[in-house]
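Novice: structure here, sequence nowhere to be found:
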């Protein structure tokens, strides 16, 4: 479930939405999203698909992680072992003794019935009082229940990008919130099975590359041909990176700019590095 939660947190960052923002755009509450993103509770499959749609990402990878987590949580993914629960030892040839059922409880005597009745009434009253108190506490304030009120509008509004144009050069698309529903400039699957994409944010006026499905040691690099210094790289550094997305820093681009992404697979033990693969994309 931890791998699924990491992927969902990455998607949530791409949307630029807060937990309250997710709650306004999906059927799931703010507290539910907090549990899903921190691996406290397995989210419904529909919640995973909804977050993928908000982030503009394909559903396949996260749904596959969800199916693995769901199988593990339900026990279908577990392998029976010889060290499971043991029952009482039975000698060869012996028959299993019949189970002895517990005697039914004796009916209450008359004077006990009155005590039990009073206890039941007291419990019912306590539950009723608790329900009234909770209802009063949960009634929304009239100042914030109106979806058109300034407070409600502020809560539902996604956080905007943290930079634009030249101020974004060489900065992280995730930290600057430029990765909320960007355009895909080009996509390429490498010979090793890893995927690469060139992504462009119109709000920030920048482009970056990302990879997923690779191995530890794989490296990506993005360049803007003809522009000195516009070279940004990133590497799959650990198992968490390998299970999520790895991004380069951003380069400022305008419509018509040609951007190049290259992938260098990790070298296997005792072997030379694999073949470097590059592809271009034009910003629209």
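Specialist: Received, thanks. Bear in mind the structure is a predicted one, so any value in this text is a computation, not a measurement.

Novice: contact partners for residue 172?
Specialist: 247, 249, 250 (C-beta atoms under 8 Å, 6 or more residues apart in numbering). Just so you know, the C-beta spots here come from the backbone N, C-alpha and C atoms, and that holds for glycine as well.

Novice: what number of residues lie near the first one?
Specialist: By that I understand residue 247. 23 (other C-beta atoms under 10 Å).

Novice: for it, phi and psi?
Specialist: Dihedral pair for residue 247: phi -110, psi 150, per degrees, to the nearest 10.

Novice: my guess is it contacts residue 207. True?
Specialist: No. Contact between residue 247 and residue 207 fails when scored by C-beta atoms under 8 Å: they sit 11.4 Å apart.

Novice: residue contacts, residue 49?
Specialist: 59, 63 are the contacts of residue 49 under C-beta under 8 Å, 6+ apart.

Novice: 6 Å instead?
Specialist: residue 59 (C-beta atoms under 6 Å, 6 or more residues apart in numbering).

Novice: give me the pLDDT for it.
Specialist: pLDDT for residue 49: 90.

Novice: give me the element it is part of.
Specialist: helix 45-55 (DSSP states H and E).

Novice: buried sites along that helix?
Specialist: 47, 48, 50, 51, 52, 54, 55 (16 or more other C-beta atoms under 10 Å).

Novice: before we move on, what about stretch 258-278?
Specialist: 259, 260, 261, 262, 263, 264, 265, 266, 274, 277.

Novice: equivalent analysis for stretch 182-202, please.
Specialist: In stretch 182-202, counting by 16+ other C-beta under 10 Å, buried: 182, 185-186, 188, 190, 194-201.

Novice: circling back: now, the buried residues of stretch 258-278 that are in strands?
Specialist: 259, 260, 261, 262, 263, 264, 277 (DSSP state E).

Novice: excluding its backbone neighbours, what's nearest the third one?
Specialist: To tie it back to what came earlier, the one meant is residue 261. residue 209 (4.2 Å; C-beta to C-beta, 6 or more residues apart in numbering).

Novice: tell me the contacts of the one you found?
Specialist: 198, 220, 222, 248, 261.
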